[in-house]
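[1] prediction below, plus the sequence it came from.
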2 protein chains.
Amino acid sequence: MPHISQRGIQMPPSPIRKLAPLSDAAKAKGVKVYHLNIGQPDLPSPTSALDAIRNIDRTTLEYSPSDGYRFYRENLVDYYKKFNISLTPEEIIVTAGGSEAVLYAFMACLNPDDEIIVPEPAYANYMAFAISAGAIIRTIPSTMETGFALPPVEEFEKLINERTKGILICNPNNPTGYVYTPHEMEQIRQLVKKYDLYLFSDEVYREFIYNDTPYISACHLKDVEENVVLIDSVSKRYSECGIRIGALITKNRKVHDTVMKFCQARLSPPLIGQIAANASLQENGAYMQHNFDEYKSRRDFLIERLNNIPGVYSPMPQGAFYTLAKLPLDDADAFCAWCLSDFRYQGQTIFMAPASGFYVTPGLGRNEVRIAYVLNKDDLNNALIVLEKALEAYPHTHKHECGALYSEADLQRR
Amino acid sequence: MPHISQRGIQMPPSPIRKLAPLSDAAKAKGVKVYHLNIGQPDLPSPTSALDAIRNIDRTTLEYSPSDGYRFYRENLVDYYKKFNISLTPEEIIVTAGGSEAVLYAFMACLNPDDEIIVPEPAYANYMAFAISAGAIIRTIPSTMETGFALPPVEEFEKLINERTKGILICNPNNPTGYVYTPHEMEQIRQLVKKYDLYLFSDEVYREFIYNDTPYISACHLKDVEENVVLIDSVSKRYSECGIRIGALITKNRKVHDTVMKFCQARLSPPLIGQIAANASLQENGAYMQHNFDEYKSRRDFLIERLNNIPGVYSPMPQGAFYTLAKLPLDDADAFCAWCLSDFRYQGQTIFMAPASGFYVTPGLGRNEVRIAYVLNKDDLNNALIVLEKALEAYPHTHKHECGALYSEADLQRR
């Protein structure tokens, strides 16, 4: 048989989805599985979007322009204006989700072996898209102790070399929920300016910032306008992950025109998704406020409850709808798998994403999990009960706090 | 400013879409533009699909599985069974159009500098996807004189070297409309077997074969089952280009699992598109027959009319809904642009795709255009009148048959 590609071998399995077969097997046996693993909002999509789909008046479901419908891009201009981001429709390219935007940004901007610097933990699929483009992600650890604040500028500068082409941030951050402060954004701006780097900025969670940190977009930064490639998506904003509509936004014409060549090759973004996303843009009142309040209230509930479980710690996330929690054990990958394959409490179990897949530096995050608060509070409450019971039931030899009882394998790993 | 990537520079503009700005400018001036350039069917999508969209009963437009909904893949199994292709749902991955299937096939199977052999002319975006994966397309010219039949096996063998990883075919062919004979498919099978190559087979036009050549799928070939990667799409089959639903099909588990890593990174194929595509699978009676008859009748009309225009020649395409026609001039790129920017006949003009972009070998296809017969016969008739008038009006210095009047530039090019 012909071989598969090296990049195919290098591609990481999704830390969010790799345990799905275990979850499916549990469900097949009638076990109730609480999905804390995936950022799939449970909140309804806006009725405006559903109505737009139901009232579709097309007879032929035709290609849209490669950069998306102009009417949608014009309405996006108004949307961004509310966040003090000034754009023209020609600076916006509609993509198949934020995923495609990241892939094409890397494809258009990065050569094989070019490097980009990313604070870790980071959204796992950035690594996958970098591998797709042959580029290399260099990471700088942020730490739970600082609530995952921006690592010191000097740590960035240590990594910058002639192959460094860009910095990537996710703000508000997935998986940490951190929101970069104005001071941190200014530090990033100065780095980008000083070394003439691309700034890839994933801001899909801008609507969900729960504390007083103001939202500073990469597009607000002065004097680096042409360095910025903004990644966006309606998936989380409007609970519309399935319609696959995102955007790549840049004022850099060369980048825009290059990305467009990749977009022309794939012909067009989804038609019906654009119709739904366009209708959703009218949502800026009760719908958005309700979702915001709901996530904020879940966050408060989740974090308090997590920190009340013996040995568990989570900082307070400031935005998005995830948190990274530390568990009192050595190997969260094994624990997450065990929950799905072995543990049941009253016929229920939990599906969490092991945090190791969100780090590049080997060994980091091994005792952490990412928890998405996309379940209603009753389910979240049940899931937390299951987590507490699972931690109690988890064989002691695997546990972190029971030093005397480490297994040989555990000890060798330390 | 940071530089764009080498692959971004190498990416060809779409020959189908690159003249769109000229077309838009003409339309803005009130000119009626007949689109012969793009394979955007004008025929309605099935009412089953439109009804499924209008009756969508979801409240949250959520992610689907990365390989697509199982119910849809199960129904696809039945669809392929009708063509004597035996599959399981686990051998099918739902993609965002055939485009994504080609990209991920290349990403999963080809290393940078790996080569695949493709008969030319070929669908232009294969080149784009190969560049995206860093792979190299080596082409073997097929000729209009043979109706674009498979080039001799020896021509393939001349190109095969240690970097050769696969052969790519499109059958029925875009842009030529050729359908490979059983003998040709057997020749391809033997090549694939002898050199242990991947066989990437794009068969999105299988429903549109107008002559007696039987449809031989790459999946019918014995003893190379694990070498085959089938590319499919519902775009053309059901006039649903906009829903972005395709498929990558392989019995090779390693390829399947590797492609799945790319699919997990991009999360999921479009949700609503899958619902529409799934509903469309029930169409195998009147709807499909009507579209088949319509395209066949347009083909007969188009080819006869083309061959009656002085200096124009088109072979009879056997499938799909395109033909490659030879025009009596030197530079079809310039002519196609001129039609859009300068020529009007009774307030109308035509948008054709210059064929040069479908060839890799420099200089080939320069006097050819691809014409898609996706207009109703009245519009097709009008477009052909415009073409004839445009050829008459085109400045003589550019024309092929007027040897005495060649411009200096034309002469230098010869």
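    Great, that's in hand. As the structure is a computational prediction, the values presented were derived from the model and not from experiment.

[2] give me the buried positions along the longest helix belonging to chain A.
    The helix that spans the most residues within chain A, counting by DSSP state H, is helix A:286-308. Neighbour counts using 16 or more other C-beta atoms under 10 Å in any protein chain shown place A:287, A:288, A:291, A:294, A:295, A:296, A:298, A:299, A:302, A:303, A:305, A:306 of helix A:286-308 among the buried residues. In this view, the C-beta of every residue, glycine as well, is placed from N, C-alpha and C.

[3] filter those residues down to the ones close to chain B.
    With C-beta under 8 Å from any C-beta of the partner chain as the criterion, the subset of the buried residues of helix A:286-308 in contact with chain B is empty.

[4] what's the closest of these to chain B?
    residue A:291 (11.5 Å; C-beta to the nearest C-beta).

[5] pLDDT score for the closest one?
    The score at residue A:291 is 96. That number is its pLDDT.

[6] check residue A:2 too.
    Confidence per residue is given as pLDDT, and for residue A:2 that number is 86.

[7] would you quantify the distance from it to chain B?
    As judged by C-beta to the nearest C-beta, to the nearest Å, residue A:2 and chain B stand 5 Å apart.

[8] skipping its backbone neighbours, what lies nearest that residue in space?
    Counting by C-beta to C-beta, 6 or more residues apart in numbering or on different chains, residue A:2 lies nearest to residue B:198, which is 5.1 Å off, once chain neighbours are set aside.

[9] quick one, phi psi at the one you found?
    Main-chain dihedrals, residue B:198, degrees, to the nearest 10: phi -70, psi 140.

[10] ok, what's across the strand from it?
    When bridges are taken as DSSP bridges, the partners of residue B:198 come out as residue B:166.

[11] residues in contact with it?
    Taking C-beta atoms under 8 Å, 6 or more residues apart in numbering or on different chains, we find residue B:198 in contact with A:2, B:109, B:116, B:165, B:166, B:167, B:192, B:227, B:228, B:229.

[12] would you say the third one is within a strand?
    Yes - under DSSP: H, G, I helix; E, B strand; the rest coil, residue B:116 sits within a strand.

[13] am I right that it is in contact with residue B:200?
    Yes - using C-beta atoms under 8 Å as the test, residue B:116 is close enough to residue B:200 to be in contact (7.0 Å).

[14] what touches both of the two?
    By C-beta under 8 Å, 6+ apart, residue B:116 and residue B:200 have these common neighbours: B:106, B:166, B:167, B:168.

[15] give me the contacts around the host helix or strand of the last one.
    In this case it means residue B:168. Remark: residue B:168 resides in strand B:164-170, with elements defined by DSSP states H and E. Outside strand B:164-170, the residues that touch it by C-beta under 8 Å, 6+ apart are A:2, B:109-111, B:114-119, B:122-123, B:126, B:135, B:137-138, B:156, B:180, B:188, B:191-192, B:195, B:197-203, B:218.

[16] near chain A at all, the helix or strand following it?
    Elements were assigned by DSSP H and E; along the chain past strand B:164-170, the next helix or strand is helix B:182-195. No - contact check for helix B:182-195 against chain A, using C-beta under 8 Å from any C-beta: none in range, with a minimum separation of 9.2 Å.

[17] quick one: residue A:225 from residue A:74, how far?
    When distances are taken as C-beta to C-beta, to the nearest Å, residue A:225 and residue A:74 turn out to be 21 Å apart.

[18] which strands and helices sit next to the longest helix of chain A?
    Contact partners of helix A:286-308 among helices and strands, from 3 or more C-beta pairs under 8 Å, 6 or more residues apart in numbering or on different chains; DSSP states H and E: strand A:322-326, helix A:377-393.

[19] deepest-packed of those, please.
    Among those, strand A:322-326 has the highest mean neighbour count (mean count of other C-beta atoms under 10 Å in any protein chain shown), at a mean of 24.

[20] residues near the nearest residue to residue A:310 once chain neighbours are set aside, how many?
    Nearest residue to residue A:310, sequence neighbours excluded (C-beta to C-beta, 6+ apart): residue A:328, at 7.1 Å. The burial count assigned to residue A:328 is 17, neighbours taken as other C-beta atoms under 10 Å in any protein chain shown.

[21] pLDDT score assigned to residue A:328?
    96.

[22] what's the separation between the closest residue to residue A:295 other than its chain neighbours and chain B?
    Beyond its immediate neighbours in the sequence, the residue positioned closest to residue A:295 (C-beta to C-beta, 6+ apart) is residue A:321, lying 5.1 Å away. With distances defined as C-beta to the nearest C-beta, the gap from residue A:321 to chain B amounts to 14 Å.

[23] name the nearest residue to the residue nearest the centre of chain A, ignoring sequence neighbours.
    Centre of chain A computed as the mean C-alpha position; nearest residue by C-alpha atoms, centre = their mean is residue A:174, 4.0 Å away. Spatial nearest neighbour of residue A:174, excluding adjacent residues (C-beta to C-beta, 6+ apart): residue A:123 at 4.9 Å.

[24] how many neighbouring residues does the one you found have?
    24.

[25] for it, list the residues it contacts.
    Counted by C-beta under 8 Å, 6+ apart, residue A:123 has contacts A:170, A:174, A:175, A:202, A:358.

[26] export those residues to a markdown table and tack on pLDDT?
    Putting the contacts of residue A:123 into a markdown table (pLDDT from 0 to 100) gives the following:
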| residue | pLDDT |
| --- | --- |
| A:170 | 98 |
| A:174 | 95 |
| A:175 | 96 |
| A:202 | 98 |
| A:358 | 94 |
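
[27] pretty sure residue A:357 contacts residue A:37?
    No - with contact defined as C-beta under 8 Å, residue A:357 does not count as touching residue A:37 (10.8 Å).

[28] quick one, helices of the stretch 201-350 of chain A?
    A:253-265, A:271-280, A:286-308, A:332-341 (DSSP state H, counting those that start in this stretch).

[29] between the last one and helix A:377-393, how many degrees?
    Meaning helix A:332-341. Inter-element angle recorded for helix A:332-341 and helix A:377-393: 110 degrees (by axes from the mean of the first three to the mean of the last three C-alpha atoms, to 10 degrees).
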